[in-house]
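this one's sequence-less:
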């Protein structure tokens, strides 16, 4: 049985998933740039994710995700999108503020709470009024 994936590991899986989705590949440098960390930090985490069976990593090559790693990356990316849409509907226009708030929320909300937020966001879109 696999242990719970840490918040940091989820962030890396999300970043790798997004890079592969957007550019067709993910490299150590691109992951470092995406997360604002040093490439050596990325190398250590990619090795760890590889050992856990969440990614395939060979130094100086592209990183890919296993099915398990991709599922986690996709799930975190979806959570991010739901929360971003909700915060925009609440009138939080600054993307930096939204991203900061999302990073504090996306890893800690239950699926039930996330679904309730998604339902509320849908309701707000359908009954468009200025919330603020």
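Yes, it's here. Nothing here was measured: the structure is a model prediction, and the numbers come from that model. Numbers count the residues shown, from 1 in each chain.

Check which helix or strand residue 45 maps to.
Take DSSP states H and E as the rule and residue 45 turns out to sit in helix 39-51.

Test my guess that residue 87 contacts residue 102.
Yes: look at residue 87 against residue 102 with C-beta atoms under 8 Å: they come within range, at 7.1 Å. Using the backbone N, CA and C atoms, a C-beta is placed for each residue, glycine as well.

ok and the longest helix anywhere in the chain relative to helix 39-51, angle-wise?
The single longest helix within the chain, with elements called by DSSP state H, is helix 67-89. If you take axes from the mean of the first three to the mean of the last three C-alpha atoms, to 10 degrees, helix 67-89 sits at 120 degrees to helix 39-51.

Any idea how far helix 67-89 is from the middle of the chain?
Offset of helix 67-89 from its chain centre (C-alpha atoms, centre = their mean, to the nearest Å): 6 Å.

how about whichever helix or strand comes after it: buried residues?
Per DSSP H and E, the first helix or strand lying C-terminal to helix 67-89 is helix 95-105. Applying a neighbour-count criterion of 16 or more other C-beta atoms under 10 Å, one finds 98, 102, 105 buried in helix 95-105.

what's the answer for stretch 80-99, then?
Under the neighbour-count criterion of 16+ other C-beta under 10 Å, stretch 80-99 has 80, 82, 83, 84, 85, 86, 87, 89, 98 buried.

Report the distance from that stretch to the chain centre.
For stretch 80-99 - counting by C-alpha atoms, centre = their mean - the centre lies 14 Å from the chain centre.

Would you work out how far apart the start and end of that stretch are?
9 Å (C-alpha to C-alpha, to the nearest Å).

OK, contacts around residue 56?
50, 63, 64, 65, 66 (C-beta atoms under 8 Å, 6 or more residues apart in numbering).

So for residue 46, what's the pLDDT?
For residue 46, the pLDDT comes out at 97.

what sits against the closest residue to it other than its chain neighbours?
Nearest in space to residue 46, with sequence neighbours left out and distances taken as C-beta to C-beta, 6 or more residues apart in numbering, is residue 57 at 4.1 Å. By C-beta under 8 Å, 6+ apart, the contact list for residue 57 reads 46, 47, 49, 50, 63.
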